[in-house]
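Asker: have a look; sequence and predicted model below, questions after that.
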Amino acid sequence: MAKKILIVDDEPDIVKVVSFRLKKEGYDVEAAVDGQQGLDMAFNIHPDLILLDVTLPKMNGYEVCRRLKADAELKDIPVVFMTASLATGGFAENFPSTGAQGYIFKPFDYEKLLAEIHKFLS
């Protein structure tokens, strides 16, 4: 059975490219376009891993991750941030308190993204 990955990102091009590549790798991929939808989908589909953008409409990635990690059913799902927020948004300060397992910076190298995913799903 294919591992399920939930991508939560409001940039359609990123969702399209990452989904395409991950599906080629054999993953089952779902996508959400804002923080609230991502949280709702996580509760509904219980993915094996979540790729989460930091800057999202309705609820930012930090808050989504904190809520996931506070939920008994979802807290063990690995969360990997995909962010362009290295210099802005205080990523280094916020990341440790989220409970997320990893991160990758945009624009990312696809092989690095895959390596990060394999850490948790192999």
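Answerer: Yes, it's here.

Asker: how about the helices of the protein, start to end?
Answerer: 12-24, 35-45, 61-70, 91-98, 110-121 (DSSP state H).

Asker: could I get those helices in JSON lines, plus columns for distance to Thr83, mean neighbour count and mean pLDDT?
Answerer: From N, CA and C alone the C-beta is placed, and that goes for glycine too. Listed next are these as JSON lines, based on distance: least, CB to CB, whole Å; neighbours: other CB atoms under 10 Å; pLDDT from 0 to 100:
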{"stretch": "helix 12-24", "distance to Thr83": "11", "mean neighbour count": "14", "mean pLDDT": "95"}
{"stretch": "helix 35-45", "distance to Thr83": "13", "mean neighbour count": "18", "mean pLDDT": "97"}
{"stretch": "helix 61-70", "distance to Thr83": "7", "mean neighbour count": "20", "mean pLDDT": "95"}
{"stretch": "helix 91-98", "distance to Thr83": "6", "mean neighbour count": "14", "mean pLDDT": "80"}
{"stretch": "helix 110-121", "distance to Thr83": "12", "mean neighbour count": "14", "mean pLDDT": "92"}
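
Asker: which one of these lies nearest to Val54?
Answerer: For the helices of the chain, proximity to Val54 was assessed by CB to CB; helix 61-70 is nearest, at 4.1 Å.

Asker: mind pulling the model confidence for the nearest residue to Thr83 once chain neighbours are set aside?
Answerer: Of all residues not flanking Thr83 in the chain, Val54 sits nearest, at 4.3 Å (CB to CB, 6 or more residues apart in numbering). Here the pLDDT value assigned to Val54 is 90.
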